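Enquirer: sharing a model that was predicted from the sequence below.
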Amino acid sequence: MMLAPINARQLILRHLKYKGVGAEIGVHKGDFSASILLAVRPTKLYLVDPWEHFETPEHQKSLYGGASTTPEIMQERYEAVRQRFDRQASAGTIEIVRERSANAAARFDDQSLDFAYIDGDHTKAGVTADIEAYWPKVRIGGVMAFDDYSLTGWWEDGVVSPVHQLLASKPTLLVLAMDGQVVVRKVK
C-alpha cells in the first residue's frame with residue numbers, strides 16, 4: 001500500500017489555534033493566508049508584508065528583490081492580496097498591514113497572538129528581527145512557526161541560525177520540524 005505524501009506546510013495548520021488570533025509575516029500572494037483562513041478559521045488574522053522591492057545584494061535571488069521583480073510588480077501583488085481578501089477585511093477577520101514586519105509588531109500588545117507564522121525576510125537579520133519583535137506578542141502556549149528552515153535556499157542559514165538561537169535561549173518546545181517547516185511552542 002502506498003501512502004500519500006505529507007505536506008509539511010499543511011501540517012503547520014494543525015498547530016495553529018482554531019478560532020485564534022494570528023499574524024502571518026510575509027504574505028507574498030496570500031496562498032498560505034487562504035489556507036490559514038480555511039483550516040483555522042481565525043477570529044483575526046493579520047497579514048503583514050511591506051510588498052516592497054529590495055535592491056540589496058543579499059536579496060537578488062529572492063521573490064522580492066533583484067531582477068525577479070520590480071516596485072510595480074510588488075504594488076500589483078499588494079493590490080491582488082487586497083482584492084483577494086476584500087470580503088474578509090470588510091468583515092474584520094483579516095487586517096492587511098503593509099509595513100516592514102519589525103515595525104508592524106508595535107501595533108500588537110504582548111501576549112495578544114495565538115500564533116505567528118514567520119515567512120518574511122529570510123536573511124539572518126530579518127528572521128532575527130521578526131523573532132525579537134513577535135516572540136513577546138505570542139501568548140504562553142501559543143506557537144511561532146517558520147517556513148524555509150533549510151540551508152539550501154538563497155538565504156543560506158538565514159532561517160536556521162535564528163531558529164536555533166530561539167530554541168537555545170527561550171523556554172520553548174519544538175513541536176514540528178519537517179521539510180523546511182518548524183513549529184515552536186512558547187512554554188513560559
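Expert: Received the coordinates, thanks.

Enquirer: phi, psi of residue 170?
Expert: phi -130, psi 150 (degrees, to the nearest 10).

Enquirer: look up how far residue 167 lies from the nearest residue to it once chain neighbours are set aside.
Expert: Counting by C-beta to C-beta, 6 or more residues apart in numbering, residue 135 is the residue found nearest to residue 170 once chain neighbours are left out, at 6.6 Å. Any C-beta I mention is one placed from the backbone N, CA and C, and that applies to glycine too. Remark: distance between residue 135 and residue 167 (C-beta to C-beta, to the nearest Å) = 12 Å.

Enquirer: all the strands of the protein, residue numbers only.
Expert: Here the chain has its strands, by DSSP state E, at 21-25, 44-48, 94-97, 113-118, 138-146, 172-178, 181-186.

Enquirer: for the last one, C-alpha coordinates in CSV please.
Expert: It refers to strand 181-186. Extracted in CSV, the C-alpha atoms of strand 181-186 (Å, rounded to 0.1, in the frame of the first residue of the first chain):
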residue,chain,number,x,y,z
GLN,A,181,8.7,23.8,8.3
VAL,A,182,9.2,24.4,12.1
VAL,A,183,6.7,24.9,14.9
VAL,A,184,7.9,26.1,18.3
ARG,A,185,5.6,26.4,21.3
LYS,A,186,6.1,29.1,23.9
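
Enquirer: worst-scoring helix or strand of this protein, pLDDT-wise?
Expert: Here the helix or strand of the chain ranked lowest by mean pLDDT, DSSP states H and E is helix 8-13, holding a mean of 91.

Enquirer: so what touches that one?
Expert: The contact list for helix 8-13, computed with C-beta atoms under 8 Å, 6 or more residues apart in numbering, reads 32, 35-36, 39-40, 117, 145, 147, 176, 178-181, 183.

Enquirer: among those, name the buried ones.
Expert: 32, 35-36, 40, 117, 145, 147, 176, 181, 183 (16 or more other C-beta atoms under 10 Å).

Enquirer: what's the closest non-adjacent residue to residue 65?
Expert: Using C-beta to C-beta, 6+ apart, the closest residue to residue 65 is residue 59 (3.0 Å).

Enquirer: check contacts around residue 45.
Expert: Residue 45 neighbours (C-beta under 8 Å, 6+ apart): 21-24, 33, 36-37, 88, 93-95.

Enquirer: let me know the distance separating it from residue 7.
Expert: Remark: distance between residue 45 and residue 7 (C-beta to C-beta) = 20 Å.

Enquirer: how about the CA coordinates for stretch 154-169, as CSV?
Expert: Output in CSV follows, covering the C-alpha atoms of stretch 154-169 (Å, rounded to 0.1, in the frame of the first residue of the first chain):
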residue,chain,number,x,y,z
TRP,A,154,19.4,31.9,-1.4
TRP,A,155,19.1,32.8,2.3
GLU,A,156,21.7,30.1,3.3
ASP,A,157,21.4,29.9,7.1
GLY,A,158,19.2,33.0,7.4
VAL,A,159,16.3,31.0,8.9
VAL,A,160,18.2,28.1,10.5
SER,A,161,20.5,30.1,12.8
PRO,A,162,17.9,32.4,14.3
VAL,A,163,15.5,29.4,14.9
HIS,A,164,18.4,27.6,16.7
GLN,A,165,19.1,30.7,18.8
LEU,A,166,15.4,30.9,19.7
LEU,A,167,15.4,27.3,20.8
ALA,A,168,18.6,27.8,22.8
SER,A,169,17.6,31.0,24.5
